[in-house]
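*Asks:* coords below, sequence missing:
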């Protein structure tokens, strides 16, 4: 009855979504009962979810497909509803650089869905519904100005301020990506150009922290891209098969954000080794330049909804329940060291069997991508594995690595290695690295 009910409340056209429909402006589409919707190649598609997946329909699959289809143009909004549906979908939109909204919980009849998104940290904007349209219009305006000339002198000033305040050098990031993030912050702060935005930073330096978080997009997920992790599992099995008991296994998760991927890889090794885990010295270095995100990883506490894609057997074996959250157990936590590390200026970890760096290089220009890949090549052992994100360039990687699986972006080191020019061999001291943790390698 949803089509009839909604049609009485709006002048917009309301219709039940049909397989193959092309989205039209000014139309509200209602997904049929017991079906999930997704967007692919500009058309809607319907699929029947597995029996164990609830609710039906679920918005997660649609939002995930929207992120894949539209990237930075995707917008996800969660309004009143029970449960935690939508968290994974908003996380995917964030990771793609899109915009995410959640209804202010005290304005919602059922606050479960918006509150779950807020708790998971995947809602960029938390507003009452009547405030959303105005904010959305302002935030979308920068998308229409992508072709505007770039004020290079003002951009250089802004990047210098970010570098001074946060010790983050964004000069090697793609200019188009930077400007889209900057223009969104301009709009969010009520400024119409970069000059005005810089003046507003003079009176509110904390805005630099918010801009940096927008640029960094510290978003990840457990077992993100199931097919990719199945491919990675085979590599983990290969690594473990060729290591004798007592050997060292070293992994680097670069750009780990809030740690879900580091824990996912820890689970893979633990699951492959089983009772033999204690026979190896397994260490996973999880690094990022976002200290706030790293603190989430160190704590290892996540909303229940964040583990939707974790196989139930692994969830029960490696996590503890804690008041609507789950906490990584001691076995996983002892495998991982979280620390601040700058991919661009800090030296790599060495003697590594596996490096995972997914959907980070896509934000770097070609020169910086090449430098970081050379750094990874230097840090890996002979025939070591490199695991990249689906959006990363195969051509760049194949200059230094052979492709084990091009589609899932799994590579192996070939040839000898040299450290990139200007890269230090010793790690500079970092106040964010706990002296109580294990020493740097």
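*Replies:* Cool, the structure landed. Predicted model only: the values in this text are computed from it and were never measured.
*Asks:* residue 196 in helix, strand or coil?
*Replies:* Of the three states, residue 196 takes helix under DSSP: H, G, I helix; E, B strand; the rest coil.
*Asks:* give me the neighbour count for it.
*Replies:* For residue 196, the count of nearby residues is 13 (other Cβ atoms under 10 Å). Quick note: C-beta positions are derived from backbone N, CA and C, even for glycine.
*Asks:* which ones are touching it?
*Replies:* residue 186 (Cβ atoms under 8 Å, 6 or more residues apart in numbering).
*Asks:* where's it relative to residue 254, distance?
*Replies:* Look at residue 196 and residue 254: by Cβ to Cβ, to the nearest Å, they are 36 Å apart.
*Asks:* with residue 141 instead?
*Replies:* Distance from residue 141 to residue 254, by Cβ to Cβ: 34 Å.
*Asks:* neighbour-wise, which of those two wins?
*Replies:* For residue 141 versus residue 254, neighbours defined as other Cβ under 10 Å are more numerous around residue 254 (22 against 14).
*Asks:* looking at it, that one is touching residue 359, isn't it?
*Replies:* No: applying Cβ atoms under 8 Å as the test, residue 254 and residue 359 come out as separate, 11.3 Å apart.
*Asks:* what is the burial count for the closest residue to residue 245 other than its chain neighbours?
*Replies:* The shortest distance from residue 245 to any non-neighbouring residue, by Cβ to Cβ, 6 or more residues apart in numbering, is to residue 279 (4.1 Å). Residue 279: 13 surrounding residues under other Cβ under 10 Å.
*Asks:* tell me the contacts of residue 279?
*Replies:* Residue 279 makes contacts with 245, 246, 273, as judged by Cβ under 8 Å, 6+ apart.
*Asks:* the last one against residue 280, yeah?
*Replies:* I take that to be residue 273. Yes: using Cβ under 8 Å, residue 273 is in contact with residue 280, at 6.6 Å.
*Asks:* what touches both of the two?
*Replies:* residue 240.
*Asks:* am I right that residue 14 sits in a helix?
*Replies:* No: counting by three-state DSSP, residue 14 is not found in a helix; it is strand.
*Asks:* so it bridges to which residues?
*Replies:* For residue 14, the beta-bridge partners are residue 28 (DSSP bridges).
*Asks:* ok, it - contacts?
*Replies:* Going by Cβ under 8 Å, 6+ apart, residue 14 touches 3, 6, 7, 27, 28, 30.
*Asks:* neighbour-wise, which of those residues leads?
*Replies:* residue 30 (18 neighbours).
*Asks:* could you double-check that that residue lies in contact with residue 12?
*Replies:* No: taking Cβ under 8 Å as the definition, residue 30 is not a contact partner of residue 12, at 11.8 Å.
*Asks:* and residue 23, how many neighbours?
*Replies:* Residues near residue 23, counting by other Cβ under 10 Å: 11.
*Asks:* return the distance of it relative to residue 174.
*Replies:* Residue 23 is 28 Å from residue 174, by Cβ to Cβ.
*Asks:* with residue 414 instead?
*Replies:* 27 Å.
*Asks:* just residue 152 next, same as before
*Replies:* As judged by Cβ to Cβ, residue 152 and residue 174 stand 14 Å apart.
*Asks:* so for these two, which sits in the more crowded spot?
*Replies:* residue 174 (16 against 9).
*Asks:* residue contacts, that one?
*Replies:* 363, 364, 365.
*Asks:* now do stretch 110-129: distance to the chain's middle.
*Replies:* Per Cα atoms, centre = their mean, to the nearest Å, the displacement of stretch 110-129 from the mean C-alpha position of its chain is 18 Å.
*Asks:* name the residues that touch it?
*Replies:* The contact list for stretch 110-129, computed with Cβ under 8 Å, 6+ apart, reads 78-87, 90-91, 94, 99-105, 107-108, 132, 135, 139, 219, 258, 296, 302-303, 305-306, 324.
*Asks:* what does stretch 24-31 give?
*Replies:* By Cβ under 8 Å, 6+ apart, stretch 24-31 touches 2-3, 6, 10, 12-17, 21, 23, 37, 44, 46, 57, 62.
*Asks:* just the mean pLDDT for stretch 235-252, thanks.
*Replies:* When pLDDT is averaged along stretch 235-252, the result is 95.
*Asks:* go through that stretch and flag the buried ones.
*Replies:* Within stretch 235-252, the residues that count as buried by 16 or more other Cβ atoms under 10 Å are 235, 236, 238, 239, 240, 243, 249, 250, 251, 252.
*Asks:* okay, how far is it across it, tip to tip?
*Replies:* Stretch 235-252 has an end-to-end distance of 14 Å (Cα to Cα, to the nearest Å).
*Asks:* one step back: which of the contacts of stretch 110-129 fall in helices?
*Replies:* 87, 90, 91, 94, 132, 135, 139, 296 (DSSP state H).
*Asks:* turn these into a markdown table, including distance to residue 345, neighbour count and pLDDT.
*Replies:* Shown next, in a markdown table, are the ones in helices among the contacts of stretch 110-129 (distance: Cβ to Cβ, whole Å; neighbours: other Cβ atoms under 10 Å; pLDDT from 0 to 100):
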| residue | distance to residue 345 | neighbour count | pLDDT |
| --- | --- | --- | --- |
| 87 | 34 | 29 | 87 |
| 90 | 32 | 31 | 89 |
| 91 | 29 | 27 | 81 |
| 94 | 26 | 22 | 80 |
| 132 | 40 | 17 | 94 |
| 135 | 36 | 15 | 88 |
| 139 | 32 | 20 | 83 |
| 296 | 24 | 18 | 88 |
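*Asks:* tell me the one of those residues nearest residue 315?
*Replies:* residue 87 (15.4 Å; Cβ to Cβ).
*Asks:* do I have it right that the closest one meets residue 60?
*Replies:* Yes: the pair formed by residue 87 and residue 60 meets the contact definition of Cβ under 8 Å, at 7.5 Å.
*Asks:* shared neighbours of these two, anything?
*Replies:* Joint contacts of residue 87 and residue 60 (Cβ under 8 Å, 6+ apart) are residue 308.
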